[in-house]
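*Asks:* Okay, here's the prediction I keep looking at, along with the sequence it came from:
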Amino acid sequence: MAQLSHNRRAVPTVRDAIAKAARRLARARLHFGHGTDNARDDAAALVWHVLDLPVPPRARDYARRVSASAQREIDAMVTRRIRERVPVAYLTRRTWFAGLAFHVDERVLIPRSPIAELIERRFAPWVDARRVGRILDLGTGSGCIAIACARAFPRATVDASDISAEALEVASMNVRRHRLGRRVRPVMSDHFAALAGRAYDIIVSNPPYVGAEELAALPPEYWHEPRGALASGKDGLDSVRTILREAGRHLRPRGLLVVEVGNSEALVRRRFPRVPFTWLEFERGGGGVFLLTAEQVRDVR
Ligand SMILES: C[S@@+](CC[C@H](N)C(=O)[O-])C[C@H]1O[C@@H](n2cnc3c(N)ncnc32)[C@H](O)[C@@H]1O
């Protein structure tokens, strides 16, 4: 009897497995920031994935036993995370954005834009949600922004554009999974090139905006992401310049342009001193997202 209870105690629980993985990840001095921002959340995502536990987590899941083979699988994934510096979302092939699950792999950037919060608020107070009929997500990657917008605006149709055929394969898969094939249209387009004559109530974009110097200094986790999702010319603003120049022709009269430029915010302010950007603030953190009305975009020189 004493032996049996000893053995029972020896079987690790989900809580133990997370703590063990988190200790290894924390010691390895990794970079966090691809959907999670600390070792414990990375560890929990790996354990949850291997054990195929339900999301959102329930308190009782943490007390479940972890078999020896599951523990070996978790250990192997932690080793890949450390040795190859693969972000967890590429190991689990799943992440969340605006409360929705998305398939991700190395064909697309791992969703992490603060724009999620704006979409969840249905772009309040900037738009009258009842008037939103057409939305463009320029540079859609996994399709996360386009799909979250379609969910937030159930009567709207959304063009999900990208220059990358591989990204559009992933976006299309996510559109199917979310059963939004009737309202979200993946479009291959270099910026607005394939969108001639189309106008939108909202153009939202998280384009590439990393300059060459910053790109070279990024932690190894970023090397797993598509280069075309990050790099945009020497100063990182090639894509932003094109969007500012051309968006005016594709916005309806009361339309809105929302663009993430991340750390390049200071440079954008310097390069476009006369553009009256509104820089958005987010309760859950993050920044570097500007907003312009259709009128303001048309005045951009
Ligand atoms: C920073 S990622 C954003 C992906 C996704 N919207 C997100 O927020 O996770 C930028 C995306 O823009 C796409 N892209 C880069 N250059 C482009 C261009 N000239 N025209 C359209 N899309 C482009 C990339 O392929 C990539 O999928």
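*Replies:* Yep, it's here.
*Asks:* Spell out, range by range, the helices that occur in the stretch 151-300 of the chain.
*Replies:* Remark: helices assigned in the stretch 151-300 of the chain by DSSP state H, counting those that start in this stretch are 165-177, 212-216, 238-246, 265-271, 294-298.
*Asks:* For the third one, which residues meet the burial criterion?
*Replies:* Neighbour-count burial for helix 238-246 flags 238-244, 246 (criterion: 16 or more other CB atoms under 10 Å). Yep, even glycine has a C-beta here, placed from its N, CA and C like the rest.
*Asks:* do the same with stretch 77-85
*Replies:* Going by neighbour count (16+ other CB under 10 Å), the buried part of stretch 77-85 is 77-78, 81, 85.
*Asks:* Okay, and which of these map to helices?
*Replies:* Of the buried residues of stretch 77-85, the ones assigned to helices by DSSP state H are 77-78, 81.
*Asks:* which among those residues gets closest to Arg284?
*Replies:* Set against Arg284, the nearest of these by CB to CB is Arg81 (24.2 Å).
*Asks:* Distance-wise, check the closest one relative to the ligand.
*Replies:* In this structure, Arg81 and the ligand are 20 Å apart, going by CB to the nearest ligand atom, to the nearest Å.
*Asks:* Give the full set of residues in contact with that residue.
*Replies:* 25, 28, 30, 42, 46, 87-88, 91 (CB atoms under 8 Å, 6 or more residues apart in numbering).
*Asks:* of all these, which comes closest to Thr157?
*Replies:* Proximity of the contacts of Arg81 to Thr157 (CB to CB) peaks at Pro87, which lies at 32.0 Å.
*Asks:* out of the buried residues of helix 238-246, which one sits closest to the ligand?
*Replies:* Ser239 (5.6 Å; CB to the nearest ligand atom).
*Asks:* Is it possible to mark the buried ones in the contacts of Arg81?
*Replies:* Taking 16+ other CB under 10 Å as the criterion, what is buried in those is 25, 30, 42, 46, 87-88, 91.
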